[in-house]
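A.B. asks: Predicted structure and sequence below. I'll ask about it afterward.
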Amino acid sequence: METNKSFPASAQSKVLWFLLAGLAVMIFSTIVYRVEHPSIVQHEEQRRMPGGDMENMGGMGNITALMQKLQDHPEDIDTMRALGMAFMDMQAWEKSQSFWDMLLKKDPHDVIALNQKGICLFELKHYAEAAEQFEHMLSTEAHNYHAHYNLGILYKHYLEQPDKAKPHFQTVLDAKIDDPELVESAKRELGPDK
């Protein structure tokens, strides 16, 4: 078998090193971006739905069945919640938000719906509206530390209001909650003096 001599080994080596360097730059820039632009946390109070768990509810066939069920029973809160979660799992944020809106029309203080709608708004880059959802969550459930953390992230990194962020991070730390990851993240956001 003949080898192609039109691309010398030295050139192949240079191309390989160039590709590896490019990959290293990509990985480094991704890490830097994640550090500079942290994400909010998604805390789901209820992942299990009647008739099956959410892990088994994916796929368009199941979504079609859930949509039919909601059409037959338009007041079925569990089906609305299941559809909202299914579309979130698919990262179909606008579609998911429509189901959280349905739930919030029925109960404006539904903490799960407020949280999930806030996450959808965040993913759609509607940061001020997301902050409103998490603030509303706190007016309903003042000790929701995930909402405090999410507000801290929104105010510090996305709404450029770091002074409004600090009290939310501090609330997470002061609560002494049993969530080491959340506490450590809040500490990191407050800086080295905490």
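C.D. replies: In hand now; what should we look at?
A.B. asks: Does residue 14 lie in a helix or a strand, and which?
C.D. replies: helix 9-36 (DSSP states H and E).
A.B. asks: low-scoring stretches of this protein, by residue?
C.D. replies: 1-7, 28-37, 42-59, 193-194 (pLDDT under 70).
A.B. asks: just the strands in it please.
C.D. replies: 48-49, 52-53 (DSSP state E).
A.B. asks: you'd agree residue 97 is up against residue 117?
C.D. replies: Yes: under the criterion of CB atoms under 8 Å, residue 97 makes contact with residue 117 at 5.8 Å. From N, CA and C alone the C-beta is placed, and that goes for glycine too.
A.B. asks: Between those two, point out the one with more neighbours.
C.D. replies: Neighbour count, other CB atoms under 10 Å: between residue 97 and residue 117, residue 117 has more, with 28 against 22.
A.B. asks: so who does that one touch?
C.D. replies: 97, 100-101, 104, 133 (CB atoms under 8 Å, 6 or more residues apart in numbering).
A.B. asks: Give me the distance between it and residue 176.
C.D. replies: Using CB to CB, to the nearest Å, one gets 29 Å for the distance from residue 117 to residue 176.
A.B. asks: swap in residue 137?
C.D. replies: 21 Å.
A.B. asks: sorry, back to before: save the contacts of residue 117 as TSV, and put in distance to residue 13 too.
C.D. replies: Output for the contacts of residue 117, formatted as TSV (distance: CB to CB, whole Å):
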residue	distance to residue 13
97	51
100	54
101	57
104	60
133	54
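A.B. asks: Show me those that map onto helices.
C.D. replies: Counting by DSSP state H, these place 97, 100-101, 104, 133 in helices.
A.B. asks: between those, which is closest to residue 186?
C.D. replies: residue 133 (19.5 Å; CB to CB).
A.B. asks: since we're on that closest one, how many residues are nearby?
C.D. replies: Residues lying near residue 133 (other CB under 10 Å) number 25.
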